[in-house]
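Asks: Here's my sequence, what's the structure:
(chains A, B and C)
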Amino acid sequence: LDIYTLWEEEKYEDGIKWKFLEHKGPYFPPEYQTLPDDVKFYYNGKPVKLSLPAEEVALFFAQMMDHEYTTKEVFRNNFFRDWRKEMTLEERQLIMDLNKCDFGELHAMHKQKVEARKNLSKEEKLVNKEANQKIVDEYGCCVLDHHRERIGNFKIEPPGLFRGRGDHPKQGMLKKRIQPEDVIINCSKDSRIPEPPAGHRWKEVRHDNTVTWLASWTENVQGSCKYVMLNANSKLKGEKDWEKYEVARKLKTCVDAIRAQYQEDLKSKQMGTRQRAVALYFIDKLALRAGNEKEEGETADTVGCCSLRVEHITLHDTLDGQKCVVEFDFLGKDCIRYYNKVPVIKRVFKNLKLFMENKQEGDDLFDRLNTQMLNKHLSSLMPGLTAKVFRTYNASITLQQQLKELRNSECLVKLLSYNRANRAVAILCNHQRAPPKTFEQSMANLQAKIDSRKEQLDLAKKELKQAKKEAKGSSDNKLLMSKKAVQRCEEQLLKMEVQATDREENKQIALSTSKLNYLDPRISVAWCKNMEVQLDKIYNKTLRDKFAWAIDMTEHDFVF
DNA sequence: CAGCTGACTTAGTACTATATCT
DNA sequence: AGATATAGTACTAAGTCAGCTG
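Replies: As a prediction, this is how the structure comes out:
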């Protein structure tokens, strides 16, 4: 790994991201191999030997058959439509009904392969691992300016069936195989230009040093660009990350003024201004995302702040003894449900009532506002300020405050309070996860262990009592041993109880997203220094690499 | 000047490796 | 030593936001 101090290096002029960039190009997935003769696809009960392209797509479906979504109407229709496009004319004339398709043998073969891979011997697994490492060494690195850097995603995404999140209208569509002819390479003129795979050529080789990507292609399902980019531990990404937190810290210095301003704007004569003020209030108070408009029918129906519709909120003059309560219920990014009942200030409440007047389901709550207008306003208040900066700012400041409030002495308890602070942020940002499949079981296991340890502790205590009675002096060997046993039991019990609390509180909350994207790492590094906690207790290797810049520059007295 | 596109960050989940337990 | 639980990684979808374009 290169040793460098990025804040001491020269800065390029505006927009220039590098002077030299060399890499090997992306790594392509292996070509499709036809099925063995004894694995057959059946249509209407009769075996049919499919053409190679049709067979490949059939296998994509067969591989997913354990998933519930292959039973969904939308998924099946999209799949069947796209599959038929890959068929020969003859196949297309024969295969007219997905329900008459029998992928059973293909499915069984796939499961067998998965099983076989799992059962490989240690040696075979090692061979695979080494082969993988070789690919990483060859394709996973590049040279950017003076540094050898890891690439984040150097592998071309393999073909398969698209599965969006939630109720996605395009689920089941064929995500096509990417050829070198689809790929644009970006590198510097004076570097060794990557070789396309034999018999192929690149779509284009360009030398654009105002962008950070090494290769790109257009994905066929949504028509969007995909990029090969650097790993998070790279200098380029680190610098950007640092900048992000510096902008958020700058917001700290003017957030009071901005809050005063939008409180004032709540009274504006301009409807647009008032809507902007309410939206900003939500973004600031609830850490909502900006909420860009989305093309209807192209993606799942999700919203953010500016794209909220009237059916996403319910107004309660009083609720559970609180006044002016707004009940939010909508699907946000990744179709994660946002549900929250929040008391708001009167002026916001009155404005919301006004915005909802004469509107019906499906109408925008903020019909005079969009994210461009909002961000334009924000950038006039502070350079670099956009809606998402509030999320970063509020997340980081919350962590700092919580850590202050939850100070504790025991190391284990220290970590628990760190996690609690982290959790407060995750809740603010609505970072959820599916409860782990094994959650109930593993919780029960842990409880059983706690119970048995408690019994052990009781026993150990009794033995200690006995030993005290029998002891001839305080240095009696048996007495000392008994004391130690009790102590050990107590420590282990505490450890397990802390673990149980932590795990229970974490059941449906994902801590990693905020740790990775929202919490200024310098807060955590400083906390570790002050609390004398090893950094690796809260940051794994990947995180320590990503936040190398913060680890290097942060003193114990850092304040966000 | 709205709509589109490109570039980049943020996100949850499935898979894999490692640690811990029996 | 093998089984199981947990942590970490890979993957790629889904956002944000600015600048371009017709």
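Asks: Give the partner strands of the longest strand along chain A in its sheet and their orientations.
Replies: As assigned by DSSP state E, the longest strand anywhere in chain A is strand A:322-331. When pairing is defined by DSSP bridges, strand A:322-331 lines up against strand A:313-319 (antiparallel), strand A:337-343 (antiparallel).
Asks: what's the helix or strand that comes right after the last one packed up against?
Replies: I take that to be strand A:337-343. On the C-terminal side of strand A:337-343, the closest following helix or strand by DSSP states H and E is helix A:346-356. On a contact count with 3 or more CB pairs under 8 Å, 6 or more residues apart in numbering; DSSP states H and E, helix A:346-356 meets helix A:271-286, strand A:313-319, strand A:322-331. The C-beta positions use only the backbone N, C-alpha and C, and glycine is treated the same way.
Asks: try it again with 10 Å
Replies: For helix A:346-356, the contact count by 3 or more CB pairs under 10 Å, 6 or more residues apart in numbering; DSSP states H and E identifies helix A:235-265, helix A:271-286, strand A:313-319, strand A:322-331 as packing neighbours.
Asks: Could you pull out the buried residues of the shortest one?
Replies: Neighbour-count burial for strand A:313-319, counted by 16 or more other CB atoms under 10 Å, picks out residue A:313.
Asks: List the contacts of that strand.
Replies: A:282, A:322-330, A:340-344, A:349-350, A:352-353, A:355-356, A:365 (CB atoms under 10 Å, 6 or more residues apart in numbering).
Asks: Looking at the strands paired with strand A:322-331, which is nearest to residue A:454?
Replies: strand A:337-343 (37.6 Å; CB to CB).
Asks: Can you tell me which residues in the stretch 451-560 of chain A are near DNA strand B?
Replies: Residues of the stretch 451-560 of chain A that fall close to DNA strand B, judged by CB under 7 Å from any atom of the strand: A:510, A:512, A:513, A:514, A:517, A:518.
Asks: Which helix or strand lies directly C-terminal to the helix-or-strand element of chain A with minimal mean pLDDT?
Replies: Scoring the helices and strands of chain A by mean pLDDT, DSSP states H and E places helix A:477-505 at the bottom, with a mean of 75. Using DSSP H and E, the helix or strand that follows helix A:477-505 towards the C-terminus is helix A:512-517.
Asks: C-terminal to that following helix, what's the next element?
Replies: Using DSSP H and E, the helix or strand that follows helix A:512-517 in sequence is helix A:521-531.
Asks: Using PDB, write down the CA coordinates of the following helix or strand past that following helix.
Replies: Downstream of helix A:521-531, the next assigned helix or strand under DSSP H and E is helix A:541-546. Presented in PDB, the C-alpha positions along helix A:541-546 are these (Å, rounded to 0.1, in the frame of the first residue of the first chain):
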ATOM      1  CA  LYS A 541     -10.200  -3.700   7.900                       C
ATOM      2  CA  THR A 542     -12.200  -2.400   5.000                       C
ATOM      3  CA  LEU A 543     -13.500   0.600   7.000                       C
ATOM      4  CA  ARG A 544     -10.000   1.300   8.400                       C
ATOM      5  CA  ASP A 545      -8.700   1.400   4.800                       C
ATOM      6  CA  LYS A 546     -11.500   3.600   3.600                       C
END
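Asks: shaky segments in chain A?
Replies: For chain A, the stretches with pLDDT under 70 are A:1-11, A:411, A:472-476.
Asks: domain ranges for it?
Replies: For chain A, the structural domains run A:6-27+A:140-228, A:41-118, A:238-388, A:395-553, going by automatic domain parsing.
Asks: So which bits of the stretch 51-200 of chain A are right by DNA strand C?
Replies: A:152-153, A:155, A:157-158, A:160, A:162-166, A:168, A:175.
Asks: Now restrict these to buried residues only.
Replies: The buried subset of those (16+ other CB under 10 Å) comprises A:152, A:153, A:160, A:162, A:163, A:164, A:168, A:175.
Asks: contacting residues for residue A:25?
Replies: Contacts of residue A:25 (CB under 10 Å, 6+ apart): A:139, A:142, A:154, A:156, A:180, A:183, A:185, A:187, A:193-197, A:202, A:205, A:214-215, A:228.
Asks: switch the cut-off to 6 Å
Replies: A:185, A:194 (CB atoms under 6 Å, 6 or more residues apart in numbering).
Asks: that older thread, what is the nearest of the residues of the stretch 451-560 of chain A next to DNA strand B to DNA strand C?
Replies: residue A:512 (6.6 Å; CB to the nearest atom of the strand).
Asks: what does the stretch 401-550 of chain A put close to DNA strand C?
Replies: Checking the stretch 401-550 of chain A against DNA strand C by CB under 7 Å from any atom of the strand, the hits are A:438, A:441, A:442, A:445, A:446, A:503, A:512, A:540, A:541, A:542.
Asks: could you redo the last one with a cut-off of 6 Å?
Replies: A:438, A:441, A:442, A:445, A:446, A:540, A:541, A:542 (CB under 6 Å from any atom of the strand).
Asks: Secondary structure element for the fourth one, which one?
Replies: Right, the one you point to is residue A:445. helix A:439-470.
Asks: ok, back up a step: go through the residues of the stretch 451-560 of chain A next to DNA strand B and name the one nearest residue A:240.
Replies: residue A:517 (12.1 Å).
Asks: Pull up the gap between the closest one and residue A:244, please.
Replies: 9 Å (CB to CB, to the nearest Å).
Asks: related to what we said a few turns ago, redo the residues of the stretch 401-550 of chain A next to DNA strand C as CSV? Include neighbour count.
Replies: Shown next, in CSV, are those (neighbours: other CB atoms under 10 Å):
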residue, neighbour count
A:438, 9
A:441, 10
A:442, 12
A:445, 11
A:446, 16
A:540, 12
A:541, 9
A:542, 12
